[in-house]
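**Q** Everything below, folded, please.
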Amino acid sequence: MKYLNGFLLFTILLSTSLYGQNQEKIDSLTSAYKKQKEDTLKVQTIKALFNAYLYSNPEVAKKFAEEQLALSRKIGFEKGVASGLYNLGVYHSNVDNIDSSRIYYQNAFKKYNQLMDLDGLTGVNHGLAILEYSEGNYSKALGLLDKNIKLYLEEVNDSSGLAMTYDFIGSINMYMGNHNIALKETLKALNILAKIDEEIRKADALNHLAAIEFYLHNFEESIDYNLQALQIYRNENDRYFEAQALNDIGNTYYYLEEYEKAIEILGQSLDISTEMGIVILQATAFNNLGKAHAELEQFETAISYLERSLSILENSTNRNKTAEVLNDIGNVYNAQKEPELAITYLNKSIALADTIQARENLKNGFFYRSNAYENMGNYKMALIDFKNYKSTTDSIFDATKSKQIEELRTIYETEKKEAEIALQQEEIKTLNEKAKVDKLTKGLYAGGMASALALFGLSVFGYRQRIKKNRIAREKQEEIYRQEIEHKKKELASQTLHLVQKNTFLEELKENLENLKSSPEKFKMEFRRIVMLLKKEKASDKDWETFKTYFSEVHNDFDQKLKTLYADISEKEIRLAAFLRMNLTTKEIAATMNVLPDSILKSKYRLKKKLGLGKDMDLTSFLNTL
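**A** Numbers count the residues shown, from 1 in each chain. Okay, here's the model as predicted:
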């Protein structure tokens, strides 16, 4: 997840806060704490103090949690014991002591289960889901949250908890790349929070909504949502989340290429995170400041910030973020024309990214190292790294297409379940209404009110019609999703066939490079020949007939349909139509056919004219119907 710079986990870890930091409230609780005797009421006060200090002074909060646990055990208050164990789980989760946190959560779960305390169980499930998420076990995290959704809808009346769960599900799906699902779940949370007085929760959801808009490259909308969240955090004196929101806003300005503005806001985030001792956010702010200064060609300052970020991350478990910073340092050294230094960092990044299968960072590492080798005049290694860069890029593209299909399938299954639940509820409602009608019918007959009876009969008929209408609408929606999934499958198959051709050529190229190892003195001459070969390959008709055959099978004899409708269509125009049918961009088609984008635009215009399409008819939309 390139754009959010690894900070989403920090957001979720802190999203269990129940209180803004209000010194007046802390003073009031402290006063009551000093006067109370050792009983259950004092346990509750200690618990409130834990929550009040959790995000302003975590170490003080920890002492209160330990005191809560000790006092509850002393007076035999089992619910207080469970709550104390849970609070220690929260503390250790926030300071990244995952193993300790899990042990406390598991012990809390046992206590709450013995007490049959469903509120407590939902809290522990949420905490455990955060731990699973932090370790990349997204399915397990979502499974725990699904259990909570069921409890909230059927047994536990907690709108805030339900909203928080929808919000967390949205955040996980955003990190998985399921942006449509993420947006849907986060908006569910906001709709609930709009009806209750939970400003901090609303701010968290707004922050996550900003993150979704960021992933979709809607940067202005992202800033707007984060500014709303920032105002709430400041009103509630929530310094942790204020620092996070500032970091996100500053990072967004970086992608809007407003580097001076980004540096100003990121500096504010760094000041607060340093004051609060939020180490992982300090590393993120240093990284983002380094990148912004690099864009302004302030390279020494950039390296200083990036090295400070790296020194923090090397002592953490966030290896993906570490690889990202190593890449950024290598890229800055490339810009300074110091390729040897760049390669030192990029070798580490590539090795780390390959180990953890962080393909985005792996791709960037190969690309930056290819540039470094080119700057050194080592064209052989530059070409090998560029080939690896392209191969990794293709694998990311392939995975993205598969993920899109899976997201469609998930949306389809989810909405199908929701439709079934809605239908069941409607049928229950209708049966209840029918029972009322039957009861009233007897009374109406006894009173001779035949006209009223007819009116109630029409009511029953109306409910039945509504059920029928809902069922028809659901079936139509199911068919739409089936068609979308089938379309995505065909699109993926076409892209795969295209990549197979390219990979075959790359394998041939690799063999040629291996042959050159025995004659290094010929490399410079052979390198030029290989470059010419690459250019030729882009424009050649090699394997086009094979590709066209498979493409026609996937897309139902596409070329034959074109020839049947328009006999004078050329082979070149069929190829253009095929690429458009695959939803390639003008730039991608131009690169594939080795021509300028302007030439593709002209060819598209001529093809549209030949096909006799009017101004209002989109060429690609028409080809998608064939």
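**Q** okay, now the closest residue to residue 127 other than its chain neighbours: neighbour count?
**A** Distances taken as CB to CB, 6 or more residues apart in numbering place residue 105 nearest to residue 127, at 5.0 Å, with adjacent residues excluded. C-beta coordinates here come from the backbone N, C-alpha and C atoms, glycine included. Counted with other CB atoms under 10 Å, residues neighbouring residue 105 total 24.
**Q** host element of residue 105?
**A** Per DSSP states H and E: residue 105 is located in helix 98-115.
**Q** For that helix, enumerate the helices and strands it packs against.
**A** helix 78-94, helix 118-134 (3 or more CB pairs under 8 Å, 6 or more residues apart in numbering; DSSP states H and E).
**Q** re the thing from before, right, and the residue nearest to residue 127 touches residue 87 too?
**A** No. Between residue 105 and residue 87 there is no contact under CB atoms under 8 Å: 10.5 Å.
**Q** what bits of the stretch 501-626 of the chain have low per-residue confidence?
**A** Scanning the stretch 501-626 of the chain with the threshold set as pLDDT under 70 gives 501-556, 588, 591-596, 615.
**Q** now with 50?
**A** Scanning the stretch 501-626 of the chain for pLDDT under 50 picks out the ranges 538-540, 542.
**Q** Which residue ranges of the stretch 151-300 of the chain form helices?
**A** 159-176, 179-193, 199-215, 219-235, 239-255, 259-276, 279-295, 299-313 (DSSP state H, counting those that start in this stretch).
**Q** you'd agree residue 341 is up against residue 331?
**A** No. Between residue 341 and residue 331 there is no contact under CB under 8 Å: 11.4 Å.
**Q** Tell me which of the two has more neighbours.
**A** Shown here are residue 341 and residue 331; by other CB under 10 Å, residue 331 has more neighbours (24 against 16).
**Q** lowest-pLDDT helix or strand in the protein?
**A** Ranked by mean pLDDT, DSSP states H and E, the weakest helix or strand in the chain is helix 8-13, scoring a mean of 44.
**Q** sec struct for residue 616, please.
**A** Assigned with DSSP: H, G, I helix; E, B strand; the rest coil, residue 616 falls in the coil class.
**Q** how close does residue 380 sit to residue 387?
**A** 11 Å (CB to CB, to the nearest Å).
**Q** residues near the nearest residue to residue 291 once chain neighbours are set aside, how many?
**A** Sequence neighbours aside, residue 328 is the residue nearest to residue 291 in space, at 5.9 Å (criterion: CB to CB, 6+ apart). Residue 328 has 24 neighbouring residues, counting by other CB under 10 Å.
**Q** Was I right to think residue 328 contacts residue 290?
**A** Yes. Counting by CB under 8 Å, residue 290 is a contact partner of residue 328 at 6.3 Å.
**Q** List the contacts of residue 392.
**A** Applying CB atoms under 8 Å, 6 or more residues apart in numbering to residue 392 gives the contacts 359, 362-363, 366.
**Q** From the residues you listed, keep the buried residues only.
**A** Among the contacts of residue 392, those classed as buried by 16 or more other CB atoms under 10 Å are 362-363, 366.
**Q** ok, so of those, who is nearest residue 251?
**A** Nearest to residue 251, judged by CB to CB, of the buried ones among the contacts of residue 392 is residue 363 at 20.3 Å.
**Q** Now do that closest one against residue 350, distance only.
**A** As judged by CB to CB, residue 363 and residue 350 stand 10 Å apart.
**Q** Next: residue 208.
**A** 32 Å.
**Q** same deal with residue 149?
**A** Residue 149 is 41 Å from residue 350, by CB to CB.
**Q** Neighbour count: these two, which is higher?
**A** residue 350 (25 against 15).
**Q** doesn't residue 368 make contact with the more buried one?
**A** No. Counting by CB under 8 Å, residue 368 is not a contact partner of residue 350; they are 9.3 Å apart.
**Q** Under the pLDDT cut-off, which ranges of the stretch 351-500 of the chain? List them.
**A** By pLDDT under 50, the weakly predicted segments of the stretch 351-500 of the chain are 405, 412, 441, 444-446, 448, 450, 452-453, 456, 500.
**Q** Ignore what I typed, I meant the stretch 1-150 of the chain.
**A** 1-21.
**Q** how about a cut-off of 90?
**A** 1-28, 31, 52-58, 93-98, 133-139 (pLDDT under 90).
**Q** now the closest residue to residue 363 other than its chain neighbours: how far from residue 189?
**A** Once flanking residues are discounted, residue 363 sits nearest to residue 392: 4.2 Å by CB to CB, 6+ apart. According to CB to CB, residue 392 and residue 189 sit 35 Å apart.
**Q** Got the domain ranges for the chain?
**A** Per automatic domain parsing, the structural domains of the chain span 401-528, 557-624.
**Q** ok, the buried ones among the contacts of residue 392 vs residue 249, which is closest?
**A** Distance to residue 249 across the buried ones among the contacts of residue 392 (CB to CB) is lowest for residue 363, with 27.2 Å.
**Q** Touching, the closest one and residue 390? I think so.
**A** No. Counting by CB under 8 Å, residue 363 sits too far from residue 390 to count as a contact (9.1 Å).
**Q** out of the helices of the stretch 151-300 of the chain, nearest to residue 323?
**A** With CB to CB, the closest approach to residue 323 among these belongs to helix 299-313: 9.4 Å.
**Q** now for the helix or strand following that closest one, which elements pack on it?
**A** For helix 299-313, the succeeding helix or strand toward the C-terminus, using DSSP H and E, is helix 319-335. Helices and strands touching helix 319-335, by 3+ CB pairs under 8 Å, 6+ apart, are helix 279-295, helix 299-313, helix 339-356, helix 359-376.
**Q** Mean neighbour count, those helices: which tops it?
**A** Neighbour counts (mean count of other CB atoms under 10 Å) averaged over each of the helices and strands packed on helix 319-335 peak at helix 279-295, with a mean of 24.
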